[in-house]
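Participant: Below: sequence and its predicted model.
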Amino acid sequence: MTALTLSTAAAAGLRADAIVVGIAKGAAGPVVAPGAEAVDKAYDGKLASVLETLGATGAEGEVTKVPAPSGFKAPVVLAVGLGSEPEKDEIYEADALRRAAGVASRALSGSKKAAFALPVEDAEDAGAIAEGALLGAYSFDAYKDMAAKGSDPKSDAKAPLAEIALLGGKPRDKAFKAEIERALALAEELNRARDLINTPPNDLNPEAFAAVATAAGKEHGLKVQVLDVKALEKGGYGGILGVGAGSAAGPRLVKISYSAGRGKKHLAYVGKGITYDSGGISLKPAGHNETMKCDMAGAAAVFAAVVTAARLKLDVNVTGWLALAENMPSGSATRPGDVLRMYSGKTVEVLNTDAEGRLVLADAIAKASEETPDAIVDVATLTGAMVLALGNRTFGIMANDEAFRTSIHEVAEEVGEPSWPMPLPAHLVKGMDSPTADIANMGERMGGGLVAGLFLKEFVGEGITWAHLDIAGPAFNEGGPFGYTPKGGTGSAVRTLVRLAERTAAGDLG
Ligand code: BES
Ligand code: MN
Ligand code: ZN
């Protein structure tokens, strides 16, 4: 993990591979952002025009490198675009800082150390820059021969930036310290979630994921309970067992709990953890299978959020439920037409074995409901329909409580995660009628993401506030990296879940 500290050193004297400064799009060309005054002065106040000569505009995502001024120990100044300059008396948005810091980190992969001289108005800005820088400093190279790659100049496999000195903050100030601690813990756990998502499914099956959770529980003093196949059979978890029935690697239900103490609010987070989704007997066609190792991204997000809550010692109880199974076709697999008896007692006719996420989640949601938490939030790469509706970067929010849905949307906005509220139209429930069982796992094709949400709603305990985040779009980035988001597993929803826990602890929500 990349090291990060607040520093009051002057940029000129810093032994580093690069000094990062911000530039923005001004009315008449690029302008140097606050935080880089000393650097600009060393160029006789001409840094903006030097950068403009090189084609820089200040646009978001833009990176321009110039030789450092004489007298600087670092050889290079790297200017990162912040987008439009804020209006007079306004400051840079936290997520603009976060994204720019992420871009700079990515541009500096392969380097040892960099100093970031970006605009810092308050502790929150320092936290955002730290978070973006640490999330941008990510690579998944566990399966690459880095030694061989390092010697190949054409290779793009480089180790992440190793060390960051963040300038412009107050290292002794309590609020600054807390923001940096928070960013370090959050980024480490979020990057671990990305690792889990990126790990090939032959190495991360339900048992292996459960072992990772058990180990993390030991490390951070969390209580972890793992229900194996025998325990699931004894408990009557027909949904989880039905989905896992075709795989040689049996399913698991993991409960990982952080306890802040009696009498505090209690959040239950439930994650879809399909370690591989082949579709089962309703096999996915070629072209739809290749990235389905990402189908446990909801469970990875829940896991990371609970561990982060524990590391930050938040004043709220958070229970994570990881519904883990591998969805495979085989002689023992659930068939389209089978009826499952779920944990809640309801029966479900499985019309399509590729609609498996709702089956494992239904059992976990029903189980989580028994503890009557103040709210349940489930997170799942649930439907292709949600990707069609909202695209690759935005997750959908559904809920049985409009105020709660709005709160989650606001929390997501605050941390820079694009999301959008979606409805749960009651008339779509009828489409899931089954001639044989209480309900079918499929309904109308139109509005498929909402149908899946309505299915889950049937398993939420009476009177419990519940929301469902469908992260099928943003969970896995098949395109190029952007901002602080890498290719592959993104860690979608982790920051929303952590902030929701923080807000709940602070009493800001219901
Ligand atoms: N894991 C998929 C959803 C998915 C699609 C995740 C694209 C990430 C990217 C889910 O299990 C699935 O297969 N859903 C089906 C449901 C359908 C059979 C009702 C879908 O969306 O097609
Ligand atoms: Mn599926
Ligand atoms: Zn799936």
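Facilitator: Sure thing, it's come through. Ligands and ions are numbered 1, 2, ... in the order given.

Participant: and the residue of the stretch 301-450 of the chain found nearest ligand 2, what does it touch?
Facilitator: Of all residues in the stretch 301-450 of the chain, the one sitting closest to ligand 2 is D354 (3.9 Å; CB to the ion). All C-beta spots, glycine's among them, are computed from the backbone N, C-alpha and C. Residues in contact with D354 (CB atoms under 8 Å, 6 or more residues apart in numbering) are D277, G279, G280, S282, L283, K284, N327.

Participant: Test my guess that the third one contacts P329.
Facilitator: Yes: between G280 and P329 there is a contact under CB atoms under 8 Å: 5.4 Å.

Participant: quick one, which of the two is more surrounded?
Facilitator: Per other CB atoms under 10 Å, whichever of G280 and P329 has more neighbours is G280, with 27 against 17.

Participant: What does the nearest residue to that one once chain neighbours are set aside show for phi and psi?
Facilitator: Nearest residue to G280 in three dimensions, chain neighbours excluded: T353, at 3.2 Å (CB to CB, 6 or more residues apart in numbering). Backbone torsions of T353, given as degrees, to the nearest 10, read phi -70, psi -10.

Participant: Tell me which stretches of the stretch 251-400 of the chain form strands.
Facilitator: 252-258, 266-277, 317-327, 339-341, 347-349, 375-380, 395-399 (DSSP state E, counting those that start in this stretch).

Participant: Give me the helices and strands touching the longest one, please.
Facilitator: This points to strand 266-277. Counting contacts by 3 or more CB pairs under 8 Å, 6 or more residues apart in numbering; DSSP states H and E, strand 266-277 packs against helix 206-220, helix 297-311, strand 317-327, helix 357-369, strand 375-380, helix 494-505.

Participant: Show me where this structure dips below the pLDDT cut-off.
Facilitator: 147-156, 510 (pLDDT under 70).

Participant: what's the closest of the strands of the stretch 251-400 of the chain to ligand 1?
Facilitator: Ranking those by proximity to ligand 1 (CB to the nearest ligand atom) places strand 266-277 first, at 4.5 Å.

Participant: related to what we said a few turns ago, ok, of the contacts of D354, which come out buried?
Facilitator: D277, G279, G280, S282, N327 (16 or more other CB atoms under 10 Å).

Participant: among the residues you listed, which two are most distant?
Facilitator: D277 and S282 (10.8 Å; CB to CB).

Participant: want to throw the helices and strands packed on strand 266-277 into a markdown table with distance to R15?
Facilitator: Converted to a markdown table, the helices and strands packed on strand 266-277 look like this (distance: least, CB to CB, whole Å):
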| stretch | distance to R15 |
| --- | --- |
| helix 206-220 | 33 |
| helix 297-311 | 31 |
| strand 317-327 | 41 |
| helix 357-369 | 50 |
| strand 375-380 | 43 |
| helix 494-505 | 32 |
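
Participant: on that earlier part again, report the set of residues contacting both of G280 and P329.
Facilitator: Shared contacts of G280 and P329, counting by CB under 8 Å, 6+ apart, come down to G246, T353.

Participant: so where does R106 fall, helix or strand?
Facilitator: Per DSSP states H and E, R106 falls inside helix 94-107.

Participant: what's the angle from the helix or strand just after that helix to helix 94-107?
Facilitator: Next helix or strand after helix 94-107 toward the C-terminus (DSSP H and E): strand 113-117. Angle of strand 113-117 versus helix 94-107, following axes from the mean of the first three to the mean of the last three CA atoms, to 10 degrees, is 150 degrees.

Participant: now the strands for the stretch 1-150 of the chain?
Facilitator: 3-7, 18-26, 29-32, 63-67, 76-84, 113-117.

Participant: For S434, find the nearest of those.
Facilitator: strand 76-84 (51.3 Å).

Participant: hmm, who's touching that closest one?
Facilitator: Against strand 76-84 from outside (CB under 8 Å, 6+ apart): 17-25, 33, 39, 47, 51, 56-69, 92, 96-97, 100-101, 103-104, 107-108, 114, 118-119.

Participant: Now that strand - C-alpha only, PDB.
Facilitator: Extracted C-alpha coordinates of strand 76-84, given in PDB (Å, rounded to 0.1, in the frame of the first residue of the first chain):
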ATOM      1  CA  VAL A  76       9.800  17.200 -12.800                       C
ATOM      2  CA  VAL A  77       6.700  19.200 -12.200                       C
ATOM      3  CA  LEU A  78       3.600  17.400 -13.200                       C
ATOM      4  CA  ALA A  79       0.500  19.600 -13.800                       C
ATOM      5  CA  VAL A  80      -2.800  17.800 -13.500                       C
ATOM      6  CA  GLY A  81      -6.000  19.300 -15.000                       C
ATOM      7  CA  LEU A  82      -8.700  20.200 -12.500                       C
ATOM      8  CA  GLY A  83     -11.400  21.300 -15.100                       C
ATOM      9  CA  SER A  84     -13.000  24.700 -15.000                       C
END
